[in-house]
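Asker: Predicted model and sequence follow; I will ask about them next.
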Amino acid sequence: MGPAFASDMSSTSLSGGGSLRGSVRVPGDKSISHRALLFGAIAEGETTIEGLLPAEDPLSTAACLRSMGVGISAIEAGSIVRVQGVGLDGLKEPKEILNCGNSGTTMRLMLGLLAGRADRHFVVDGDASLRQRPMARVARPLAELGGDISGREGGNKAPLAIRGKELKGGCITTPVASAQVKSALLLAGLTANGPVTVIEPALSRDHSERMLRAFGAELSSNPQGEKGPSVVVQPGSALRGQQVVVPGDISSAAFWLVAGLLVPGAELTIENVGLNPTRTGILDVLEMMQAPLKVQNQRDVAGEPVGDLLVKPAELKSFSIGGELIPRLVDEIPILAVAALAAEGTSIIADAAELRVKETDRLAVMARQLRAMGAELEETDDGLVIPGGQRLQGADVDSETDHRVAMSLAVAALVAEGETHIARADAAAVSYPTFWDDLDRLQRG
Ligand code: S3P
């Protein structure tokens with residue numbers, strides 16, 4: 001029997017019942033890729049980036065930076081990307097609108113990067129999904145530092161105009177544990193006229209802190225701060241170009257982890273996965289589920305922990321998650337919902353209202369699409385309640401343009417009875433352009 005897989009440009013059909021074997025090297029971490037481009041752009045000298053994710057989202061960041069005069073070499077799989085830094089204040093006023101595509105990280109970090117570029121004017125925009133996403137969470141604290149950002153719905157929605165201003169220092173307590181908000185404020189702080197402190201309700205991913213320090217910024221963090229995890233950036237230090245090595249994205253590895261646990265007879269090795277503790281919440285949950293996961297070859301690569309993950313099928317227990325764990329696995333909740341359906345007992349996801357303002361409302365979309373496959377699950381205001389022991393049926397489903405939904409549904413299809421047709425499967429290219437090829441290869445074993 002050939003691979004149970006057929007696809008055209010935008011949709012894919014998958015059949016359950018096959019197996020999944022071999023090694024896979026997931027593409028570069030999306031968060032780290034954006035940051036390497038952004039920090040390289042405002043550093044002095046050249047930054048080289050190995051393993052940069054050649055997917056739509058980082059390409060959006062690179063295109064915005066290029067239109068402000070930053071030289072960035074071609075971004076292709078396997079190539080070393082070279083960024084010619086223009087220095088802390090060297091970004092030029094672009095002639096065109098900065099198109100952030102589908103990428104929330106691009107838009108929010110751009111707001112922080114550009115708010116302090118005195119005497120320059122910028123407009124940021126994005127696709128239909130990005131135009132619906134809240135930007136006031138960044139624009140409002142930037143206004144407290146003297147920023148001037150305006151847009152639809154009181155400055156909350158793109159297109160947004162940024163009038164560059166001299167920024168002052170300050171202490172911002174943000175109500176959301178968001179690395180995008182934190183990173184935008186740290187970027188703004190680099191050129192403010194006093195230190196900028198960010199206090200968040202729970203620790204979000206700390207790639208910006210690690211990489212900014214490596215580039216020479218003066219930064220101090222206190223993850224155990226009395227009012228919450230905090231970080232202070234002192235303005236003024238020039239950044240120096242670096243050699244960045246981007247590890248594989250644990251958020252992309254997550255699809256193979258769950259597939260490897262659920263597909264009968266599977267045996268997968270996922271190589272070179274970033275294991276930064278602010279990102280490994282999924283491993284904690286899989287452990288709670290009693291998944292027999294092995295981490296091998298642990299090492300440190302350019303300031304980020306990395307390892308290889310080995311996974312085989314197992315009987316899984318249900319899980320209950322919420323609180324400070326959520327920011328450590330925020331992008332993995334759609335695939336964890338698929339894992340929960342197969343577990344013994346009812347799983348509960350709480351405190352995850354942030355999922356409603358991701359590329360889609362991921363709680364609603366996952367509930368809707370999994371129900372189309374025969375699943376029974378309850379959507380709450382801030383999460384999902386998912387009874388386990390359910391067998392899925394092949395069906396017509398839709399990514400609703402969300403990359404992580406597309407890949408989660410692919411894993412669901414692998415364990416469903418019969419054929420599943422995934423519409424708008426090409427959304428996966430936002431973070432994992434070779435996902436369907438890797439799946440095809442692993443199915444052939
Ligand atoms: C990201 C942070 C997360 C995550 C997104 C990437 C980043 O968003 O969902 O995919 O690179 O900073 P929030 O920090 O807004 O939760």
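Answerer: Looks like it arrived, so ask away. Given the structure is predicted, the values throughout are model-derived calculations rather than measurements.
Asker: do you know how far Glu315 is from His34?
Answerer: 38 Å (CB to CB, to the nearest Å). Backbone N, C-alpha and C define where each C-beta goes, glycine included.
Asker: Of those two, which one has the most company?
Answerer: Ranked by neighbour count (other CB atoms under 10 Å), Glu315 and His34 place His34 first, with 27 against 12.
Asker: any idea which helix or strand comes after the least confident helix or strand in the chain by mean pLDDT?
Answerer: Least confident element among the helices and strands of the chain, by mean pLDDT, DSSP states H and E: strand 5-7 (a mean of 56). Reading on from strand 5-7 to the C-terminus, the next helix or strand found by DSSP states H and E is strand 12-15.
Asker: Direction included, what does that following strand pair up with?
Answerer: Its sheet considered, strand 12-15 pairs with strand 5-7 (antiparallel), strand 419-423 (antiparallel) by DSSP bridges.
Asker: what residues does the longest one touch?
Answerer: Okay, so that is strand 419-423. 10-16, 373, 394-399, 406, 409-410, 412-413 (CB atoms under 8 Å, 6 or more residues apart in numbering).
Asker: Make a PyMOL selection of whichever of those turn out to be buried.
Answerer: Buried residues within those, by 16 or more other CB atoms under 10 Å, are selected in PyMOL with:
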select buried, resi 11+12+13+14+15+16+373+394+395+397+398+399+406+409+410+412+413
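Asker: How many residues are close by Ser129?
Answerer: 19.
Asker: which residue sits closest to it, ignoring its sequence neighbours?
Answerer: Glu359 (5.3 Å; CB to CB, 6 or more residues apart in numbering).
Asker: I'd assumed Gly104 was in contact with the one you found.
Answerer: Yes. Counting by CB atoms under 8 Å, Gly104 is a contact partner of Glu359 at 7.3 Å.
Asker: I'd like the distance between the nearest residue to Gly388 once chain neighbours are set aside and the ligand.
Answerer: Nearest non-adjacent residue to Gly388, counting by CB to CB, 6+ apart: Ala343, 3.9 Å away. Note on Ala343: its distance to the ligand, by CB to the nearest ligand atom, to the nearest Å, is 24 Å.
Asker: who's in contact with Ala343?
Answerer: Counting by CB under 8 Å, 6+ apart, Ala343 has contacts 289, 316-319, 388-389.
Asker: Low-confidence regions, the protein specifically.
Answerer: 1-9 (pLDDT under 70).
Asker: quick one, phi psi at the nearest residue to Gly265 once chain neighbours are set aside?
Answerer: Counting by CB to CB, 6+ apart, Gly265 lies nearest to Ser19, which is 4.3 Å off, once chain neighbours are set aside. Taking degrees, to the nearest 10, you get phi -120, psi -170 for the backbone angles of Ser19.
Asker: dump the residue contacts of Ser19.
Answerer: So Ser19 contacts 263-266, 443, 445 (CB under 8 Å, 6+ apart).
Asker: what about Ser79, distance to the ligand?
Answerer: 22 Å.
Asker: For the nearest residue to that residue once chain neighbours are set aside, give me its contacts.
Answerer: Among residues not flanking Ser79 along the chain, Ser73 sits closest, at 7.4 Å (CB to CB, 6+ apart). By CB under 8 Å, 6+ apart, Ser73 lies in contact with 79-83.
Asker: Which of these ranks first by neighbour count?
Answerer: Val83 (29 neighbours).
Asker: can you give me the helices in this protein?
Answerer: 30-41, 56-66, 104-114, 136-144, 152-155, 179-189, 207-215, 250-262, 281-288, 333-342, 362-372, 403-414, 435-444 (DSSP state H).
Asker: who wins for proximity to Val311 among those helices?
Answerer: Using CB to CB as the measure, helix 250-262 is the one of these that comes nearest Val311, at 3.4 Å.
Asker: Now find how far off-centre the closest one is within its chain.
Answerer: 15 Å (CA atoms, centre = their mean, to the nearest Å).
Asker: I'd like to know how many residues surround Ala118.
Answerer: By other CB under 10 Å, neighbour count at Ala118 equals 12.
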